[in-house]
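J.: Below are the sequence and a predicted model; questions follow.
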Amino acid sequence: MPRLLPRLRIAVDGLEHIVGGLGTALLALVALAWTVLVLLAVPVGVGLLLVPTVPRVLRAVADRERARLTRWGPPVVGPPPLPEGIRDALRDPAVRCEAGWVGIHGTAGFFLGAIGISLPIYAVEYASFPLWYRALEPEDGGPGFIVWRIDGFADAAVVWLIGALFVAITIWLGPAIARLQALPGRRLLGPPDDVDLALRVAELTLTRAAALDAHAVELRRIERSLHDGTQNRLVAVNVLIGAARRATDRNPAAVADILDRAQEATEQALAELRSVVRGILPPVLDDRGLAGALAGLAGTSAVPCELTVDVPGRCAVSVEATAYFVVAEALTNVAKHSGATSARVIVRREGDRLLLSVVDDGKGGADETGGSGLGGIRQRVAAYDGRFMMSSPTGGPTRMDVELPCGS
Amino acid sequence: MRIVIAEDDALLREGLAMLLRAEGLDVVATTDSPGPFLSAIDQYQPDVAIVDVRMPPTHTDEGIVAAVEARKRQPKLAVLVLSAYVEQAFATDLLAHGSSGLGYMLKERVGRVDEFLTALHRVADGGTAVDPEVVGQLLSRSRPDSPVSRLSARERDVLGLMAEGLGNAAIAEKLFVTDGAVHKHIRSIFAKLGLSPDDRADRRVTAVLHYLNDQRK
């Protein structure tokens, strides 16, 4: 029996893969049905509107299969993201391969899965028949295709023999069925043989470079604010203390005034240091997530603020930090400059973009050059390859829209 | 002494002006960027300009560029450049065409008012003021096989002060030795480094700085 155990393990593994394959085959069948439905609806016109969903559905189902195959055997590397336009998407060879795969896996794959899963069920049913044949009337026959009359244990033993045959078939054939079922996915969903992975590598290198760039811009911003803010304040404090020391000998009356200024400068340095540190990575993000952190901001805002956050899952930490910074600065602006009585903050996620808008009912006329922190927001958003839009006509209202790539 | 200040940070600008006025110096204009600074130079014809390195619009080396331009317009103008940190390249750029009436100092030195005023007066009188930090970096980065390593500890001290722009008398006072002793050290240093001795302080600074710059790793 020593060789039977590993065979049995392989068979159980095969069964597991068949079950998983049947799952994706079911999805593929649905995708296939949807594709056919949309194509049939094209002449009516409605289909045209739905065509853009087809490549996305195909990609979603194919990605599931890729993940499944990767868990099991050699990794199946997916293609780059779908092209923007629907024409390009439909022309994309990867999408065409996915369509072909959905056609095969949703039909033949589904059929293979059904057989593969029936085999062990039959095997158990037939092989256990001698144990429960008495529960049935002799004329009723046995399970499945056993329609003849079962008279006594001898007939039941024959059925048991057929069951044993099924057990053997399951053990010997099951893994092969699993492999056959996975074959179209492995052939069609991986990168085509003639396309060099170099292309994919080049693309990843580009996005990585962009990420590093954003990082460098961010570091530059921090350096700038430390240098222009905190460091200059401290230098001023140093100068004022030096002046005070000189004044103690010559003009003691002036000392108090100079020390007043020095203290003011120290307080400014501390305030700026605080804002720089907060801007790097607010600790509250770690503790409470983006929604919780923004709720804290909205709650302490001087102007009553209504907050709507619809962001499933989490974005990259740096993106959340930027979003938090933008809202914090925007609300500070609303409180300081707008004269508004209420503000609204909406944060939502659309695909891989995080969209923020801050609207107030104030007097408008916000000016980026007026030292209102808007320049800082713009810089910070630009560092993440995001977009910043501002509309603030005189008389209001002021509306700020920021779009950030989520990075996850 | 008539002074024009170019510093973009308002608090520091006013603090500096206050400090200098309290010393009885004549601050004729304070400006916050290169454009107004150059206009003020043309208008007031000051003796000294105190210039911050980082100024708008790009906050990189506007101050150095403005200082060089101001010197072109008024060759007699003394310029003291203030910087928040030591940048070798800035110092080298500034002192590339002689060091007479030029200074490059860290902003934090201003707090040591006595030393700051001494340096300011030295620059105004056509001397040189190089921040000890700059000199220290140049000295510490010289190659191990450089002749600088053959100097005695005392000679290195003298070399450092010489590079900062101090004259013999000032060096003697700082090190609590006689003028004669300083003179002897300097001759020995120049002999060891293979430089021709020169008693004019500004030419001496240029020679020493160039030499140290060449000896860097």
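T.: Everything's here; your move.
J.: so where do the strands sit in the chain?
T.: Here I'm looking at chain A. A:305-310, A:343-350, A:353-360, A:387-391, A:398-405 (DSSP state E).
J.: Hmm, no, I was thinking of chain B.
T.: Using DSSP E, strands in chain B cover B:2-6, B:26-31, B:48-52, B:78-83, B:102-106, B:128-130.
J.: out of the ones you listed, which comes closest to residue A:158?
T.: Residue A:158 lies closest, by Cβ to Cβ, to one member of the strands of chain B: strand B:78-83, at 99.7 Å. Quick note: C-beta positions are derived from backbone N, CA and C, even for glycine.
J.: what's near enough to touch the closest residue to residue B:43 other than its chain neighbours?
T.: Leaving aside its chain neighbours, residue B:43 sits nearest to residue B:29 (7.6 Å; criterion: Cβ to Cβ, 6 or more residues apart in numbering or on different chains). Contact analysis of residue B:29 by Cβ atoms under 8 Å, 6 or more residues apart in numbering or on different chains lists B:4-5, B:40, B:43-44, B:46.
J.: hmm, 6 Å instead?
T.: Contacts for residue B:29 were tallied using Cβ atoms under 6 Å, 6 or more residues apart in numbering or on different chains; they are B:4, B:40, B:44.
J.: so which of the residues you listed is the most crowded?
T.: residue B:4 (27 neighbours; other Cβ atoms under 10 Å in any protein chain shown).
J.: Quick check: the gap between it and residue B:118.
T.: 20 Å (Cβ to Cβ, to the nearest Å).
J.: can you check residue A:374 too?
T.: In terms of Cβ to Cβ, residue A:374 sits 45 Å off from residue B:118.
J.: Which one's more surrounded, these two?
T.: Taking neighbours as other Cβ under 10 Å, residue A:374 and residue B:118 compare with residue A:374 leading, 21 against 14.
J.: what sits against the closest residue to chain B within the stretch 151-300 of chain A?
T.: Closest approach between the stretch 151-300 of chain A and chain B, counting by Cβ to the nearest Cβ: residue A:238, at 3.5 Å. Residue A:238 is in contact with B:108, B:111, counting by Cβ under 6 Å, 6+ apart.
J.: could you redo the last one with a cut-off of 10 Å?
T.: Each residue near residue A:238 by Cβ atoms under 10 Å, 6 or more residues apart in numbering or on different chains is listed here: A:262, A:265, B:12, B:15, B:107-112.
J.: Isn't residue A:58 up against residue A:64?
T.: No. Counting by Cβ atoms under 10 Å, residue A:58 sits too far from residue A:64 to count as a contact (11.1 Å).
J.: Show me the helices in chain A, by range?
T.: A:4-41, A:46-50, A:53-72, A:86-91, A:93-104, A:110-127, A:129-132, A:152-188, A:197-225, A:232-250, A:252-280, A:283-300, A:317-333, A:374-383 (DSSP state H).
J.: Quick one: those as a markdown table, columns for mean pLDDT too.
T.: Compiled in a markdown table, those are given as follows (pLDDT from 0 to 100):
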| stretch | mean pLDDT |
| --- | --- |
| helix A:4-41 | 89 |
| helix A:46-50 | 81 |
| helix A:53-72 | 88 |
| helix A:86-91 | 82 |
| helix A:93-104 | 89 |
| helix A:110-127 | 88 |
| helix A:129-132 | 80 |
| helix A:152-188 | 86 |
| helix A:197-225 | 73 |
| helix A:232-250 | 90 |
| helix A:252-280 | 87 |
| helix A:283-300 | 86 |
| helix A:317-333 | 87 |
| helix A:374-383 | 78 |
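J.: ranking those by burial, who's on top?
T.: helix A:317-333 (a mean of 22; mean count of other Cβ atoms under 10 Å in any protein chain shown).
J.: Give the other helices and strands that it contacts.
T.: Applying 3 or more Cβ pairs under 10 Å, 6 or more residues apart in numbering or on different chains; DSSP states H and E, one finds that helix A:317-333 contacts helix A:197-225, helix A:252-280, helix A:283-300, strand A:305-310, strand A:343-350, strand A:353-360, helix A:374-383, strand A:398-405.
J.: Please convert the ones you listed to JSON lines, extending it with distance to chain B.
T.: What follows is these, written out as JSON lines (distance: least, Cβ to the nearest Cβ, whole Å):
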{"stretch": "helix A:197-225", "distance to chain B": "7"}
{"stretch": "helix A:252-280", "distance to chain B": "6"}
{"stretch": "helix A:283-300", "distance to chain B": "28"}
{"stretch": "strand A:305-310", "distance to chain B": "32"}
{"stretch": "strand A:343-350", "distance to chain B": "31"}
{"stretch": "strand A:353-360", "distance to chain B": "28"}
{"stretch": "helix A:374-383", "distance to chain B": "12"}
{"stretch": "strand A:398-405", "distance to chain B": "25"}
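J.: Rebuild these as CSV, extending it with distance to residue A:151.
T.: What follows is those, written out as CSV (distance: least, Cβ to Cβ, whole Å):
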stretch, distance to residue A:151
helix A:197-225, 66
helix A:252-280, 85
helix A:283-300, 70
strand A:305-310, 69
strand A:343-350, 68
strand A:353-360, 72
helix A:374-383, 83
strand A:398-405, 74
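J.: Nearest to chain B within the stretch 1-150 of chain A, name that residue for me.
T.: For the stretch 1-150 of chain A, Cβ to the nearest Cβ, closest residue to chain B: residue A:84, 35.6 Å.
J.: What residues does residue B:47 make contact with?
T.: Residue B:47 neighbours (Cβ under 10 Å, 6+ apart): B:1-4, B:25-26, B:28, B:74, B:76-78, B:101, B:123-125.
J.: among the residues you listed, which are in reach of chain A?
T.: Among the contacts of residue B:47, none lies close to chain A by the criterion of Cβ under 10 Å from any Cβ of the partner chain.
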